[in-house]
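>>> Fold the following, please.
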Amino acid sequence: MAKTVVLLCRCFGELDGIIALDGIADRLRAEREDTSVYLLNSLCMEEDAHRIGALLKQEGARAVCAGLCAAGSKREALWESLRNAGIERSGLFTADLREGCAWIHQGNPPGATEKAKDLLFMALAALDEKKASADVSADVHPECLVLGAGPAGLAAAVSLAGQGIPVHLVERAAQPGGMLNLISRTYPGDDHAKTRIEPLLREVETNNMIAFYPRSKVVSVRGFAGDFKIGIQGPDGTLRLRAGAVIIATGAGVLLPRGLYRYGELKQVITQMELERQWIRGVPDDKRFAFIQCAGARSPERAYCSTICCPSSLKNAMRVMEEIPGGEATIFHRDIMTPGNLLEAYYRKSMEKGVRFIRFHEEDPPEILGGDRVEAIRVRDAARGKEQVLALEKVVLSTPLVPNMDNRSLRELFQLELDSHGFFSETYPLHPLETRVDGIFIAGSARWPVSSDKAMEQGEGAAMKALGMLKRDRVSALSLSRTPGEKPGHGTVEERTCTGCGNCVSVCPFLACSLQERDGRFVSRVNKMRCKACGSCVSVCPNGTMQIPEHNYRMVGAMIRRAFP
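This next block holds a predicted model:
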């Protein structure tokens with residue numbers, strides 16, 4: 001049996017007087033003659049790593065049981081100690097003696113001591129049965145595929161190219177720029193849209209690290225983080241590429257509000273994007289404008305707020321007041337959404353410019369009046385509680401961004417998930433640009449509606465995430481973890497007893513499990529590069545065929561038998 005060393009941390013005296021560590025140490029030595037026990041003042045200080053590593057080498061340790069605190073962030077020194085002694089992370093099992101014993105049982109020292117003893121003996125029983133997952137690794141192909149050449153995709157591509165990473169920039173349209181090609185000015189700085197991305201466009205044209213593929217789309221995807229094999233269909237046929245990482249920045253579309261506020265019936269009722277095209281051609285001829293918010297948004301069909309609509313209306317309403325002599329602008333809204341200090345100041349600036357605001361209730365929206373053209377708008381002012389009729393010449397509908405039409409095909413190709421609206425939803429609270437598939441990142445309005453400046457920030461962030469993968473020479477399965485350090489293992493299958501029921505395939509959230517035919521029957525397979533050791537497959541396996549070696553059923557049984565002899 002491998003030599004086991006028990007390290008008991010006094011936590012600078014934090015446990016003294018509550019847990020009788022000396023008595024526990026004597027009990028451990030008496031019951032397990034093959035185990036060495038050490039009481040130490042600390043395990044988490046930088047100076048502890050070398051000292052403990054030397055101690056473990058001296059003992060010839062192959063496994064370590066540590067009684068310490070619950071703060072995982074303070075254990076780097078302990079991991080360093082294990083590395084110094086040549087012990088893998090799978091050779092460690094810990095017991096929470098501070099928060100789980102000393103702190104919550106301060107009024108019952110005998111009970112705290114007994115609990116600490118049980119936890120340590122359970123940890124030792126687990127170590128006796130704990131195994132290590134066989135790791136696999138693959139070479140990293142140091143190139144990146146960026147889907148979408150809008151603000152997010154351009155920012156990602158230029159950022160990676162600046163770090164010496166070759167980039168394949170794939171765009172469905174004929175030219176880069178995305179939605180910024182369709183608008184005249186951006187908020188809140190009122191800058192010309194093209195000036196915001198002009199430096200990025202120059203980089204795409206001149207930087208030989210960026211290959212641009214217009215009028216192209218992804219048609220096939222195979223592989224995993226570090227080495228994706230991708231088929232791109234373009235005007236000249238299908239091109240095969242290899243990339244170590246993928247950034248999806250395909251943006252979003254704009255809703256056409258058919259059936260709302262007489263859109264399509266009266267030519268004076270237009271959308272924000274149609275008004276933007278008018279601004280590009282010149283100053284509109286009309287003087288009296290109404291902007292109606294949430295046209296098709298925050299409704300049963302689309303319950304979300306698109307975030308950019310209110311600032312866009314503020315921008316265009318102020319332009320009406322400033323650039324059209326005698327221009328008038330009124331914004332009809334259910335609520336004005338301007339989060340953050342910059343947009344709040346933008347909102348106040350619009351009021352100072354003379355833009356009027358009238359709030360209406362969702363169940364009583366404005367009514368457009370007129371026969372063959374817009375003449376007026378009738379609305380019940382929710383603030384004043386009375387009906388108003390205002391003469392108008394132009395009605396501008398603020399419609400939400402909607403998912404890109406390519407999202408569903410990309411979902412199938414990359415095996416990702418979409419939310420109920422159709423956006424890429426499966427980012428993580430602490431990793432908002434990552435997906436459940438390692439090496440694939442999301443930026444911009446592909447994941448949720450955002451403004452162009454936020455899309456560019458996300459593109460740069462996704463590029464830095466991808467760079468962490470692309471700068472490696474090789475990537476191992478155990479290194480692909482959602483938490484600091486290595487992941488705790490990955491699922492393994494005992495083919496002899498696998499019945500091919502498919503339970504693991506149906507529950508795996510990372511699509512790591514699959515059924516493959518072998519000797520005339522189906523057995524489960526685990527893609528170690530995708531597996532995150534979540535244990536979902538283990539929980540539904542009817543006969544124990546699927547296990548995670550670092551937390552297998554023999555370990556659990558040994559711990560239970562030790563706790564309840």
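>>> By residue count, which helix of this protein is the longest?
helix 109-129 (DSSP state H).
>>> name the helices or strands packed onto that one?
strand 4-9, helix 21-31, strand 63-68, strand 92-96, helix 553-563 (3 or more Cβ pairs under 8 Å, 6 or more residues apart in numbering; DSSP states H and E). The C-beta positions use only the backbone N, C-alpha and C, and glycine is treated the same way.
>>> Rounded mean pLDDT for that helix, please.
The average pLDDT for helix 109-129 rounds to 95.
>>> if we can go back for a sec, turn the helices and strands packed on helix 109-129 into JSON lines, columns for distance to Gly326, mean neighbour count and mean pLDDT.
Compiled in JSON lines, those are given as follows (distance: least, Cβ to Cβ, whole Å; neighbours: other Cβ atoms under 10 Å; pLDDT from 0 to 100):
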{"stretch": "strand 4-9", "distance to Gly326": "78", "mean neighbour count": "24", "mean pLDDT": "93"}
{"stretch": "helix 21-31", "distance to Gly326": "85", "mean neighbour count": "15", "mean pLDDT": "93"}
{"stretch": "strand 63-68", "distance to Gly326": "75", "mean neighbour count": "25", "mean pLDDT": "92"}
{"stretch": "strand 92-96", "distance to Gly326": "73", "mean neighbour count": "21", "mean pLDDT": "92"}
{"stretch": "helix 553-563", "distance to Gly326": "79", "mean neighbour count": "15", "mean pLDDT": "93"}
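>>> Let me have these in a markdown table, extended by distance to Ile358.
A markdown table is the format used below for the helices and strands packed on helix 109-129 (distance: least, Cβ to Cβ, whole Å):
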| stretch | distance to Ile358 |
| --- | --- |
| strand 4-9 | 66 |
| helix 21-31 | 71 |
| strand 63-68 | 63 |
| strand 92-96 | 59 |
| helix 553-563 | 64 |
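>>> Just the helices from the stretch 151-300 of the chain, written as ranges.
Applying DSSP state H, counting those that start in this stretch to the stretch 151-300 of the chain gives helices spanning 151-162, 193-206, 272-281.
>>> swap that for the stretch 351-500 of the chain, sorry
Listed in chain order, the helices of the stretch 351-500 of the chain (DSSP H, counting those that start in this stretch) span 407-414, 452-470.
>>> Scan the helices and strands of this protein for the one with the lowest mean pLDDT.
Confidence across the helices and strands of the chain bottoms out at helix 76-84, with a mean of 80, counting by mean pLDDT, DSSP states H and E.
>>> Quick one: residues contacting Ala102.
With contact set as Cβ atoms under 8 Å, 6 or more residues apart in numbering, Ala102 has these partners: Glu14, Leu15, Ile18, Ile19, Ala112, Ala116.
>>> What's the separation between it and Leu314?
Distance, Ala102 to Leu314, by Cβ to Cβ, to the nearest Å: 57 Å.
>>> same thing with Leu255?
Leu255 sits 20 Å away from Leu314, going by Cβ to Cβ.
>>> Between these two, which is the more surrounded one?
Comparing Leu255 with Leu314 by other Cβ atoms under 10 Å, the one with more neighbours is Leu314, at 27 against 20.
>>> Could you look up the SS state of that one?
Here Leu314 is recorded as helix under DSSP: H, G, I helix; E, B strand; the rest coil.
>>> what pLDDT does it get?
On the pLDDT scale, Leu314 gets 97.
>>> try Gly100
92.
>>> Touching, it and Leu68? I think so.
No - Gly100 is not in contact with Leu68 according to Cβ atoms under 8 Å; the separation is 10.5 Å.
>>> Show me the shaky parts of this protein.
1-2, 72-74, 426-429, 484-485 (pLDDT under 70).
>>> Quick check: can you list the domain ranges of it?
4-129, 144-253+402-476, 257-399, 492-547 (automatic domain parsing).
>>> Tell me which of those lies nearest to Met555.
Nearest of those to Met555, taken as Cβ to Cβ: domain 4-129 at 4.4 Å.
>>> tell me how far the closest one is from the chain's mean position?
35 Å (Cα atoms, centre = their mean, to the nearest Å).
>>> now stretch 448-457
How far stretch 448-457 lies from its chain's middle: 15 Å, per Cα atoms, centre = their mean.
>>> before we move on, back to that, mean neighbour count, the helices of the stretch 151-300 of the chain: which tops it?
Compared across the helices of the stretch 151-300 of the chain, helix 151-162 shows the largest average neighbour count, a mean of 28 (mean count of other Cβ atoms under 10 Å).
>>> Tell me what angle that helix forms with helix 452-470.
40 degrees (axes from the mean of the first three to the mean of the last three Cα atoms, to 10 degrees).
>>> Show me what helix 151-162 is packed against.
In terms of contacts (3+ Cβ pairs under 8 Å, 6+ apart), helix 151-162 is packed against strand 144-147, strand 167-170, helix 193-206, strand 210-213, helix 452-470.
>>> Now tell me what touches the second one from outside.
Meaning strand 167-170. The contact list for strand 167-170, computed with Cβ under 8 Å, 6+ apart, reads 143-149, 153-154, 156-157, 160-161, 176, 204, 209-213, 216-218, 232, 241, 243.
>>> Please look at Glu80 and Glu47 and confirm they touch.
No - Glu80 lies out of contact with Glu47 (Cβ under 8 Å); the separation is 10.9 Å.
>>> who has more neighbours, those two?
Neighbour count, other Cβ under 10 Å: between Glu80 and Glu47, Glu80 has more, with 16 against 9.
>>> who's in contact with the closest residue to the more buried one other than its chain neighbours?
In this structure, Glu80 finds its nearest non-sequential neighbour in Ala49, 3.8 Å apart by Cβ to Cβ, 6 or more residues apart in numbering. By Cβ under 8 Å, 6+ apart, the contact list for Ala49 reads Ala77, Leu78, Glu80, Ser81, Asn84.
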